[in-house]
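# here's my sequence, what's the structure:
(chains A and B)
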Amino acid sequence: DVKVTQSSRYLVKRTGEKVFLECVQDMDHENMFWYRQDPGLGLRLIYFSYDVKMKEKGDIPEGYSVSREKKERFSLILESASTNQTSMYLCASRGRPEAFFGQGTRLTVV
Amino acid sequence: GESVGLHLPTLSVQEGDNSIINCAYSNSASDYFIWYKQESGKGPQFIIDIRSNMDKRQGQRVTVLLNKTVKHLSLQIAATQPGDSAVYFCAEKGYAGGGADGLTFGKGTHLIIQP
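Presented below is the predicted three-dimensional model:
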């Protein structure tokens, strides 16, 4: 079975902090994605990567950056956390064609 | 832009009844569709998928129907159980010439099971 693992289930950070969310997949997938999920807004794509060191902006990249130094790991970085970045963050890894999700990280910025 | 949506944000059914969750999509070029189930506090879990060259696909207690004429997708759950309570998302993939052609998600339907 595909396994997508996010490093934290819950995080509480202070405004202005730099935050790292880590995601690891074990199926050698090329494509990885970061989404945020908010009530009434559904899943919104922040960034995706289709290969090591490659990244593309999604629909809402502002305030975020990503890193893909190894194929299995895709990191989401909040350069300076703000309260409007409080959300559920979901990492996905995509084979061809299905996508599998991690368990999510619920981030609260105070 | 293209969008994927669901007709109802909440669906309440009696335990043991069949559930039907609907989804409308607007991208006629979409060639692949997935249904996900997301339980409270967890990430979405793959349930079943269907390609655009099919009209129907069955899994264990679930059936997905695709009507390309009206761009409509449905998920049928037979003999609904308490464990089926979750938010259900449809997702579509449009054709893209390589690269990280991602999925477009609907906003979800919350299925509530009445005892």
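
# alpha carbons only for contacts and neighbour counts from here, please
Noted.

# run through the residues that contact the residue nearest to the spatial centre of chain A.
The geometric centre of chain A, computed from its C-alpha atoms, lies nearest to A:W34 (CA atoms, centre = their mean), at 3.2 Å. Residues in contact with A:W34, defined by CA atoms under 8 Å, 6 or more residues apart in numbering or on different chains, are A:45-48, A:76, A:89-92.

# then A:M32?
Applying CA under 8 Å, 6+ apart, the residues near A:M32 are A:48-50, A:74, A:91-94, B:100.

# what residues of the host helix or strand of it count as buried?
In this structure, A:M32 is located in strand A:31-38 according to DSSP states H and E. Counting neighbours by 16 or more other CA atoms under 10 Å in any protein chain shown, one finds that the buried residues in strand A:31-38 are A:31-37.

# and which of those is nearest chain B?
A:N31 (5.7 Å; CA to the nearest CA).

# show me what contacts A:Y89?
With CA under 8 Å, 6+ apart, A:Y89 has these contacts: A:34-37, A:104-107.

# that one looks like it's in a helix, true?
No: under the criterion used here (DSSP: H, G, I helix; E, B strand; the rest coil), A:Y89 is strand, not part of a helix.

# how near is it to A:Y35?
A:Y89 sits 6 Å away from A:Y35, taking CA to CA, to the nearest Å as the criterion.

# run a quick neighbour tally on A:Q103.
By the other CA atoms under 10 Å in any protein chain shown criterion, the neighbourhood of A:Q103 contains 24 residues.

# what about the nearest residue to it once chain neighbours are set aside, distance to B:G16?
The shortest distance from A:Q103 to any residue that is not its chain neighbour, by CA to CA, 6 or more residues apart in numbering or on different chains, is 4.1 Å, and that residue is B:G43. B:G43 sits at a distance of 26 Å from B:G16 (criterion: CA to CA).

# could you give the bridge partners of the residue nearest to the centre of chain A?
Going by DSSP bridges, A:W34 is paired in beta bridges with A:Y47, A:C91.

# which ones are touching the closest residue to A:F33 other than its chain neighbours?
Once flanking residues are discounted, A:F33 sits nearest to A:F48: 4.3 Å by CA to CA, 6+ apart. Contacts for A:F48 (CA under 8 Å, 6+ apart) come out as A:31-34, A:55-58, B:100.
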